[in-house]
Structures are given as C-alpha cells and as structure tokens.
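Engineer: sequence and predicted structure are below.
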Amino acid sequence: MILRFTIRQLEYLVAVGEFGSVTEAAERVNVSAPSISAAISQLEREFGITLFVRRHAHGLSLTQAGHSFVAQARQILREAHKLNALSNELTGQVRGPLHVACLVTFAQTVIPTLRRGFSDAYPDVEFFQYERDHALILEGLRMAHFDIALSYDLDIPSDMEFHELAVLPPYAVLPEDHPLAGRGGVTVRDLAPHPMILLDLPHSSAYFLSLFQDDGSSPRIIERTRDMSVMRAMVANGFGYSIANIRPVSSHVPSGTKLAFVPLTGNLRPMRMGILAMRGLSSPLVVRRFIDFCSEKLRTMSGMKLPPNSEERKGSS
C-alpha cells in the first residue's frame with residue numbers, strides 16, 4: 001500500500017493539533033482555511049482514521065489516534081528539517097523554513113523590520129513568526145515548535161543558551177510638555193513623584209520596578225497596561241510617564257501627539273536582547289545567518305547598541 005501525503009499536509013496537521021482551530025492554524029502557516037481543512041480530510045481518508053472531533057462552537061479536538069499521529073508527524077517534520085539543514089550545509093544555500101518566536105514587545109517594534117530585511121536578503125527562506133509570552137516561548141523551544149526565539153536575558157533556564165544581540169538601556173517616555181521632557185537625562189528619583197503608566201509585561205515590569213527598588217525609591221503607579229501602544233497613547237495624553245527599553249522610530253502616537261524620550265541616568269542595569277535556543281543543539285545555517293543578520297541590522301535601529309563581543313561572534317560563524 002502506497003500512502004500519499006506531503007510534508008506540507010503534516011505541517012497543517014501539526015498546526016491544527018496545536019491551535020485546535022483551522023482558522024488560527026491557517027493564519028500561522030499563511031494559507032487559506034479551506035486548504036487546511038482539505039489537507040486534514042485527505043489525511044483522514046488516506047489513513048482511514050478520524051484525527052479530530054469537530055465541535056461546531058469549540059473548534060477541533062484531537063482524538064486519541066490524532067494525538068499519536070500529531071506526535072509522529074512532529075518527528076517526521078524534525079527529520080525533514082534535518083535533511084534541509086544538511087542540504088544547506090553541503091551547498092551553502094540558505095533556504096527552507098525558519099520558525100521564530102518573539103515576545104510581544106519585539107513583535108511591535110523589532111521583528112517586522114528584521115523579518116522584512118532577512119526575507120529580502122534570503123528569499124528562499126520561509127519565515128514563520130509567533131508572538132508568545134516568555135513561558136510559552138520556553139515551552140515551544142523545548143517541543144521544537146520554534147527554531148529560535150527573540151527575547152530578553154531574564155530568567156534563562158539552564159537548558160537554553162542566549163546569543164546576545166543588543167544592549168537596551170532604559171529611558172523615560174514622557175509627554176512632550178512634561179517638566180522633565182527637556183532634560184538630557186533623568187534619574188528614577190526624579191521620576192518617582194510623578195504618576196507612572198507601568199508597562200506591565202511579564203519580566204519587563206519586574207525589571208522596571210527593580211530600578212526604583214535599587215535606588216531606594218518607589219514609583220507612583222496610577223495605571224498598568226500590557227500594550228505598548230496603549231502605554232504610549234496614555235503618556236502622550238498626559239496621564240503620566242512610563243519606562244521602556246526599545247524606542248520606536250517615530251516620536252508620534254497615532255493621534256499625532258508627540259512623545260519625549262529621555263535617557264535614564266545612574267548605575268542602572270540595561271536589558272539585553274538576544275536569540276534564545278536550546279543548549280547543545282547544532283545551529284543550522286539558516287539560524288546562523290539570521291543571528292548574523294540581526295546583529296548587523298540592529299546597528300541602525302534606534303535606542304540599541306551592540307554588546308562588546310558582537311564582532312567576535314559575527315566573525316566566528
């Protein structure tokens with residue numbers, strides 16, 4: 001008996017198994033929902049097995065057989081990925097899929113620019129982007145859902161390695177008419193008496209608050225948000241200041257109001273942005289090229305500076 005299925009169909013199967021939704025899986029793999037549904041139906045006919053239970057209001061749930069098939073499909077995809085990586089090493093060509101996860105912070109400000117430039121430089125690479133929180137990034141790396149992830153150097157577990165790309169010193173985000181907006185630098189003690197809009201993202205918020213704790217002062221938090229756009233809009237409308245580590249290209253919010261960005265001074269620990277990967281795994285050529293590309297591209301991006309050893313790392317790949 002000859003089974004007729006494709007690697008692409010297995011990718012669709014795994015995506016639906018992960019998200020439990022044809023619509024969301026279609027968005028993640030950049031194809032139409034009918035194409036996903038047709039692939040799943042063809043696999044079920046080919047194998048003669050029901051892989052999913054269809055629930056009209058609750059999406060799709062894997063059957064017991066479906067769980068086993070998705071697990072095996074992941075293994076096949078990993079082996080196929082190894083073949084592609086071997087081909088790249090032997091030919092020197094940079095091609096094939098690259099699955100990159102990133103924190104929401106980077107999804108809004110960093111990843112779009114990096115992805116556009118990398119895709120233009122290496123058009124044979126299929127770039128897949130995933131926005132996740134820190135915990136889901138770690139889980140996805142361990143389950144080989146992602147090749148690498150763009151994250152901060154905060155709470156890195158021992159089974160992960162961190163390739164530092166850029167140093168991100170903190171700065172104050174202020175309304176243009178704020179009394180501190182015209183300064184060349186401000187301290188956290190200068191900011192403490194003023195109302196604060198805290199960017200309340202996991203790990204990031206703890207870092208921002210630690211700046212005050214280390215100084216022996218306390219911020220006057222009047223609002224919290226996990227959305228950087230909301231934070232900037234509230235600051236621009238005079239509700240308070242905020243602190244961030246990544247500066248947008250434009251100083252204006254969508255309403256047209258202008259923000260002021262003032263460096264924080266003092267002996268403050270910066271955040272560091274870099275690539276997370278599983279420790280001990282040999283990085284394929286496409287991953288190495290992406291790390292090199294990020295190091296070079298970040299030189300021109302606002303509010304970032306390279307770590308001291310970036311040239312060494314670049315020359316060693």
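Structural biologist: Received, thanks. Residues are numbered from 1 along each chain as shown.

Engineer: when you work out contacts or count neighbours from here on, use the C-alpha atoms and nothing else.
Structural biologist: OK.

Engineer: which secondary structure elements does the lengthiest helix in the chain sit against?
Structural biologist: What stands out as the longest helix in the chain, according to DSSP state H, is helix 64-91. Counting contacts by 3 or more Cα pairs under 8 Å, 6 or more residues apart in numbering; DSSP states H and E, helix 64-91 packs against helix 7-19, helix 285-297.

Engineer: quick one, it and helix 7-19 angle?
Structural biologist: 130 degrees (axes from the mean of the first three to the mean of the last three Cα atoms, to 10 degrees).

Engineer: cross-check the contact I'm expecting between Pro284 and Ala85.
Structural biologist: Yes - shown here, Pro284 and Ala85 form a contact pair, counting by Cα atoms under 8 Å, at 5.6 Å.

Engineer: okay, the two: which has more neighbours?
Structural biologist: Ala85 (22 against 18; other Cα atoms under 10 Å).

Engineer: pLDDT score assigned to the more buried one?
Structural biologist: Ala85 carries a pLDDT value of 70.

Engineer: and for Glu27?
Structural biologist: pLDDT, Glu27: 79.

Engineer: pLDDT weak spots in this structure?
Structural biologist: Low-confidence regions of the chain, defined here as pLDDT under 70, cover residues 1-3, 56-58, 88-89, 91, 249-250, 252, 254, 299-317.

Engineer: how is it divided into domains?
Structural biologist: The chain breaks down by automatic domain parsing into domains covering 7-74, 93-167+271-316, 170-263.

Engineer: now tabulate the helices and strands packed on helix 64-91 in CSV and tack on distance to Val31.
Structural biologist: Below are those laid out as CSV (distance: least, Cα to Cα, whole Å):
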stretch, distance to Val31
helix 7-19, 9
helix 285-297, 23
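
Engineer: okay, the ones you listed in JSON lines with mean neighbour count and distance to Ala39 next?
Structural biologist: What follows is these, written out as JSON lines (neighbours: other Cα atoms under 10 Å; distance: least, Cα to Cα, whole Å):
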{"stretch": "helix 7-19", "mean neighbour count": "20", "distance to Ala39": "6"}
{"stretch": "helix 285-297", "mean neighbour count": "19", "distance to Ala39": "28"}
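
Engineer: for Ser151, find the nearest of those.
Structural biologist: When those are compared by Cα to Cα, helix 285-297 sits nearest Ser151, at 12.8 Å.

Engineer: from the contact counts, what lies against that closest one?
Structural biologist: So helix 285-297, by 3+ Cα pairs under 8 Å, 6+ apart, packs with helix 64-91, strand 96-102, helix 111-121, strand 160-168, helix 310-316.

Engineer: swap in 10 Å and give it another go.
Structural biologist: With contacts taken as 3 or more Cα pairs under 10 Å, 6 or more residues apart in numbering; DSSP states H and E, helix 285-297 sits against helix 64-91, strand 96-102, helix 111-121, strand 148-152, strand 160-168, strand 271-278, helix 310-316.

Engineer: any idea how far it is from the chain center?
Structural biologist: The chain centre lies 15 Å from the centre of helix 285-297; the measure is Cα atoms, centre = their mean, to the nearest Å.

Engineer: now stretch 155-170
Structural biologist: With Cα atoms, centre = their mean, you get 13 Å for stretch 155-170.

Engineer: please spell out which residues along it are buried.
Structural biologist: For stretch 155-170, a neighbour-count test (16 or more other Cα atoms under 10 Å) marks Glu161, Phe162, His163, Glu164, Leu165, Ala166, Val167, Leu168, Pro169, Pro170 as buried.

Engineer: indicate which one of the helices and strands packed on helix 64-91 is closest to Pro175.
Structural biologist: Relative to Pro175, the nearest member of the helices and strands packed on helix 64-91 by Cα to Cα is helix 285-297, separated by 29.4 Å.

Engineer: send me the closest one as CSV with only the CA atoms.
Structural biologist: Taking Å, rounded to 0.1, in the frame of the first residue of the first chain, the C-alpha atoms of helix 285-297 are listed here in CSV:
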residue,chain,number,x,y,z
LEU,A,285,23.0,27.5,8.5
VAL,A,286,19.7,29.4,8.3
VAL,A,287,19.7,30.1,12.0
ARG,A,288,23.3,31.3,12.0
ARG,A,289,22.6,33.6,9.1
PHE,A,290,19.6,35.0,10.9
ILE,A,291,21.7,35.7,14.0
ASP,A,292,24.4,37.4,11.9
PHE,A,293,21.7,39.4,10.1
CYS,A,294,20.1,40.6,13.3
SER,A,295,23.5,41.7,14.7
GLU,A,296,24.2,43.8,11.6
LYS,A,297,20.7,45.2,11.3
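
Engineer: next, the nearest residue to Pro97 once chain neighbours are set aside: phi, psi?
Structural biologist: Among residues not flanking Pro97 along the chain, Glu126 sits closest, at 4.4 Å (Cα to Cα, 6 or more residues apart in numbering). Dihedral angles phi and psi of Glu126 (degrees, to the nearest 10) take the values phi -90, psi 110.

Engineer: quick one: contacts for Glu126?
Structural biologist: Contacts for Glu126 (Cα atoms under 10 Å, 6 or more residues apart in numbering) come out as Val29, Arg95, Gly96, Pro97, Leu98, His99, Ser119.

Engineer: alright, that wraps it up for me.
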